[in-house]
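**Q** heads up, no residue letters with this:
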């Protein structure tokens, strides 16, 4: 195994650790909201510093590999993909932090009727599944699994599209819960962006394995079966 191979292996392991950290942040933000656990929400805010620090470390590692080892072909694509995936993961960490900020600002327990009407639990769970899928796809170099994310993200898009009507109907009968309803709507918007970030990660996985650039292509083309890469 060459020195470059060792560095790439270490980078991949660190990237998987970043995936795990961000997934944990997302799951904790769900628990903080549904259990109305302000202490857990504060824990997520504290851990966000770890996410930011890890992002900076991974960026430096990628830059050093390019500068010191001059990787080419799939090795270069892997490092470039890691830099972009790292940024996507940090943004998901920001989303988890933002959700916990809402938890700290809400004065009353989240209204169960509102959570059910907006399908917020389903949205959290789908987001976690999609993030887990892209993490597995990254680890196993599985472009088929990476492509499956584009279809699963449609669930998040659908819930987001119905959110205005769901929240509006709730507010009509619960005028004392307007602030909480608006916070809930903001959380839905944030969770929809989790799906967008995961789709970006999927595109980067496909890019480095198959040498295909899917950015700006229609969803139908992104879901096509993988071809030969180099």
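**A** Sure thing, it's come through. This one's a predicted model, so the numbers in the text were calculated from it and none came from an experiment. Numbers count the residues shown, from 1 in each chain.
**Q** drop to CA atoms for contacts and neighbour counts, all remaining ones
**A** Noted.
**Q** Excluding sequence neighbours, find me the nearest residue to residue 100.
**A** Spatial nearest neighbour of residue 100, chain neighbours left out: residue 41 (4.8 Å); criterion: CA to CA, 6 or more residues apart in numbering.
**Q** Give me the neighbour count for that neighbour.
**A** 26 (other CA atoms under 10 Å).
**Q** Surely it is in contact with residue 102?
**A** No. The pair residue 41 / residue 102 is not scored as a contact, 9.1 Å apart, by CA atoms under 8 Å.
**Q** re the thing from before, can you give me the pLDDT of the residue nearest to residue 100?
**A** Predicted confidence (pLDDT) at residue 41: the value is 98.
**Q** measure the residue of the chain positioned farthest from its centre to residue 85 for me?
**A** Centroid-distance maximum for the chain: residue 173 at 33.7 Å, with CA atoms, centre = their mean. Going from residue 173 to residue 85 by CA to CA, to the nearest Å gives 43 Å.
**Q** low-confidence ranges in this structure?
**A** By pLDDT under 70, the low-scoring segments of the chain are 214-230.
**Q** make it 80
**A** 213-230 (pLDDT under 80).
**Q** mind listing the helices for it?
**A** 3-34, 38-69, 73-105, 112-117, 120-140, 143-173, 178-210, 219-222 (DSSP state H).
**Q** where does the fourth one sit relative to the chain's centre, distance-wise?
**A** So the one you mean is helix 112-117. Distance, stretch centre to chain centre, for helix 112-117: 24 Å (CA atoms, centre = their mean, to the nearest Å).
**Q** which residues touch that helix?
**A** With contacts defined as CA atoms under 8 Å, 6 or more residues apart in numbering, helix 112-117 is touched by 121, 166-167, 170, 181.
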